[in-house]
Each structure stands twice: as structure tokens, then as C-alpha cells.
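Peer 1: from the sequence below, what's the structure:
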Amino acid sequence: MLLIADSGSTKTHWCLVNNGVVVKEIFTKGINPFYQSETEIKYEIEHFLMPELSGIELSGISFYGAGCAFPEKKAIVCNAIGSCFKDLAIEVHSDLLAAARALFGKSEGIACILGTGSNSCFYDGNVIVDNISPLGFILGDEGSGAVLSRKFVSDCLKNQLSDDIKKSFFEKYELTPADILENVYKKPFPNRYLAGFTPFLRENIDNPAIYNIVYSGFVDFFKRNVMQYNYKNYQTGIIGSVGFHFKDQLLSAALECGVQVGNVDQSPMSGLIKYHVEN
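Peer 2: Numbers count the residues shown, from 1 in each chain. Here you go, the predicted structure:
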């Protein structure tokens, strides 16, 4: 049986597949070698994944993850998995290749991720041939949950939003400004922390200020990323919870930018399963 993993900064979706049929799904915390050491990743796998696979014989593991675009980062994840699963064929690829394979299979297109972070690439049906660096949530990641929420939280703290929205936000999450600053500047995974406020944006999307944050964030994503490729000649596909849950605003922003958007899926897993069965 093949174990396929789709990992973002927030969660990892493990899918046990036998002849194209999903046997079991497992969810653990996100794995990202930019933020975690080999030891920390190994701990997560040993304590939260392996107990769920007791007695199951694996034929291989195909892991797709955030932060796995660079050889040295791939090695961290591969070594951590390999130390837990001895003598097993292990592949580690970027989450961007997961999106490309899931969206386009063996066809060409512009594949994008809009989740906790954001990314994009031009995919030739085999490999990623061009990629605008996402740069992370401080310098880039336009349109991502972390960046949309960062803008929203900043507007809250700088009194750029109505009193009722600010009151509702602080009460819902039982927060003070000091709590937010502590989590963003002193604790690990500030991107994951900020992205956790995305559901509040979705619940209040009819508020004009929040709508503008989301809509303008997507326009920035298309202009600063997708439109640097030969975007008029190819379809753009999008994977990720943020793109999926804000699909109306996403498609409106794409229309303004002249970008042809095809599939918008929450997860790449079904497309990845199809890809691995066919290839």
C-alpha cells in the first residue's frame, strides 16, 4: 500500500491507498523543514502517525510538503521519515508539485496554492519550469491566510476597522492586543497563528472592510505572481482552503486581472491519488 502525504504549515493529510482506493486517512500537525528540525519532524511522525499504521505493510511513501522545494530541506524530511520507516522507498516533493500534479496531471498550466501560505508555478506537464518565489508571509505570500489575517489584525490594532468588528473579533478569540503581539513575535509558527483567524474573515466577508482585505489580497496575488507567467495562454488552477472558501472573491479578482481560472480545489489529495495510480 502507498502512503501519500500532503503537508502544509498547518496540517498534514496522510492517505493510505491500495490500487487507487483510499483505505485510511490520518491527520497530523503540519510539517515544514523551514520551521522544524529533523528531530522535531521525527517526533511528530513517531508519536502521531506510526501508531495509526500499526500492522500495515507499506510499499512506499510519497510526501509532498511546504518548505520542500530545496534539496537540503527535502533531505531533512526524507531523513526524518526514513528513520521511522526503515528500508522503504521514500519520495519527498514540494507542495507546489503536488498542486501541479493534482490540477493538471500530465498537461500544462499555472498551478497555485492559496492556504496558510501562497505559491505559484508554471508546470509543463512533467516538472515545474518556472516559479516566482513566494518569499514567506513577511515579504510575500500574497492572498494567503497568514497575510490576509495579518492585514486584518493590523487594521484592528491600528483602529482602521469599525468598533463592532473589533469587539466581535477580540471576544470571539478571547484575545488582547498583548496576546497577539506575544504570539506573533515571541512564539513559533506565527504564520500558522495568524492564519487561524481566517474563519473570522469568512464569517464576516459581507463587511466592506473585510471584503476589501480579501479581494485586494487576491488581486495582489495575481498581479505579483500569476501575471509574471505567460498567463493569457494557459489556464490557472488553485489548491488550498483559502482559495476554496473565498472562491467568489477569488474569481472576481481573477476577472479583474484577466486571469483564466479553472479548478479551485480545497485539497490536492484526490488529484494526487489519480496521478499516482495512472503513473
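Peer 1: all helices for the chain, in order.
Peer 2: 38-44, 71-84, 95-104, 136-139, 145-157, 163-173, 177-185, 190-195, 198-203, 208-224, 241-245, 247-257, 269-278 (DSSP state H).
Peer 1: need these in CSV with distance to Ile4 and mean neighbour count, can you?
Peer 2: C-beta here means a position set from N, CA and C on the backbone, and glycine is covered the same way. Shown next, in CSV, are the helices of the chain (distance: least, C-beta to C-beta, whole Å; neighbours: other C-beta atoms under 10 Å):
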stretch, distance to Ile4, mean neighbour count
helix 38-44, 17, 17
helix 71-84, 13, 18
helix 95-104, 9, 26
helix 136-139, 26, 14
helix 145-157, 23, 22
helix 163-173, 34, 13
helix 177-185, 32, 13
helix 190-195, 22, 23
helix 198-203, 25, 17
helix 208-224, 27, 20
helix 241-245, 18, 23
helix 247-257, 25, 18
helix 269-278, 6, 17
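Peer 1: for Thr10, which of those helices is the nearest?
Peer 2: Thr10 lies closest to helix 190-195 among these, at 5.3 Å (C-beta to C-beta).
Peer 1: who's in contact with the closest one?
Peer 2: 9-10, 30, 115-117, 136-137, 141, 144-147, 149-150, 153, 183-184, 187 (C-beta atoms under 8 Å, 6 or more residues apart in numbering).
Peer 1: figure out how far that helix is from the centre of its chain.
Peer 2: 12 Å (C-alpha atoms, centre = their mean, to the nearest Å).
Peer 1: just stretch 183-191 next, same as before
Peer 2: 18 Å.
Peer 1: got the CA positions of that stretch in PDB?
Peer 2: Extracted C-alpha coordinates of stretch 183-191, given in PDB (Å, rounded to 0.1, in the frame of the first residue of the first chain):
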ATOM      1  CA  ASN A 183       2.100  35.000  19.600                       C
ATOM      2  CA  VAL A 184       3.300  36.800  16.500                       C
ATOM      3  CA  TYR A 185       6.700  38.000  17.800                       C
ATOM      4  CA  LYS A 186       7.800  35.500  20.500                       C
ATOM      5  CA  LYS A 187       6.200  32.200  19.800                       C
ATOM      6  CA  PRO A 188       6.900  29.600  17.000                       C
ATOM      7  CA  PHE A 189       4.700  29.400  13.800                       C
ATOM      8  CA  PRO A 190       3.400  33.000  13.700                       C
ATOM      9  CA  ASN A 191       2.100  32.300  10.100                       C
END
